[in-house]
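J.: Attaching a predicted model along with its sequence, questions to come.
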Amino acid sequence: GENVEQHPSTLSVQEGDSAVIKCTYSDSASNYFPWYKQELGKRPQLIIDIRSNVGEKKDQRIAVTLNKTAKHFSLHITETQPEDSAVYFCAASETNTGNQFYFGTGTSLTVIP
Amino acid sequence: DVKVTQSSRYLVKRTGEKVFLECVQDMDHENMFWYRQDPGLGLRLIYFSYDVKMKEKGDIPEGYSVSREKKERFSLILESASTNQTSMYLCASSFAGGIPEAFFGQGTRLTVV
């Protein structure tokens, strides 16, 4: 099955700096890569996703890049704000045969005011 | 707005008890999932279901079973609760095709004493 690795496990940045979280996956059949944000005590919520036919996607201060050849994808948050503090999970899924999601182990991001 | 609702936010059960965790979604999603969330281990898939009465084992099915008698409801059963099943349990649902985004419930914090 799919194996998703995520780094770093914790990340602290100063407010206004950028944050980058990286994930690798093992199954070349995976074609959908979402990122979830989980604030303390709340449910994970989708913040951005990318499909395998796209190399980069941006939504305001967040962006995701995908390198299919190297099997890795990254989340970039620019101009970080204290409300960006949360746990972020990457995931990989193969949508043609079942949509099972494989999650990384999470990154706890702290933005220091 | 998609709603995935878990029956309990907090549960305390005794070792050896049979425990039922219920999840209901209102978006007619084909896929439903049960995850276990533990610090440093991310979201680990216990079971998922892609249709009524259909189920597939995830990465950590031992000690658990599931039931899906109706499309909107997916139940996780701990046949004989043990202390190592103390954890946060998250239910999720998604469409089988189209937009594959997974929507999560609010989680059930289960403590087995």
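T.: Looks like it came in fine.
J.: quick one: contacts for B:G98?
T.: Not one residue lies near B:G98 by Cβ atoms under 8 Å, 6 or more residues apart in numbering or on different chains. Every residue, glycine included, has its C-beta placed from N, CA and C.
J.: if I look at it, how far off is A:N99?
T.: Distance of B:G98 to A:N99, given as Cβ to Cβ, to the nearest Å: 10 Å.
J.: Name the helix or strand for the spatially most central residue of chain B, please.
T.: Taking Cα atoms, centre = their mean, the centroid of chain B lies closest to B:W34, which sits 2.8 Å from it. Assigned by DSSP states H and E, B:W34 belongs to strand B:31-38.
J.: What helices and strands are in contact with that strand?
T.: strand B:19-25, strand B:42-49, strand B:64-70, strand B:73-78, strand B:87-94 (3 or more Cβ pairs under 8 Å, 6 or more residues apart in numbering or on different chains; DSSP states H and E).
J.: helices or strands next to the helix or strand following the second one in the packing?
T.: Using DSSP H and E, the helix or strand that directly follows strand B:42-49 along the chain is strand B:56-57. Packing contacts for strand B:56-57, counted by 3+ Cβ pairs under 8 Å, 6+ apart, involve strand B:42-49.
J.: just to revisit the earlier point, give me every residue that touches the residue nearest to the centre of chain B.
T.: B:21, B:23, B:45-48, B:58, B:64, B:66, B:74, B:76, B:89-91.
J.: Go ahead and name everything in contact with the worst-scoring helix or strand of chain A on mean pLDDT.
T.: One helix or strand of chain A scores below all others by mean pLDDT, DSSP states H and E: strand A:101-103, with a mean of 91. Under the criterion Cβ under 8 Å, 6+ apart, residues A:1-4, A:25, A:30, A:34, A:36, A:89-93, B:33, B:35, B:42-45, B:92, B:94, B:102 lie in contact with strand A:101-103.
J.: Fine, thanks again, bye for now.
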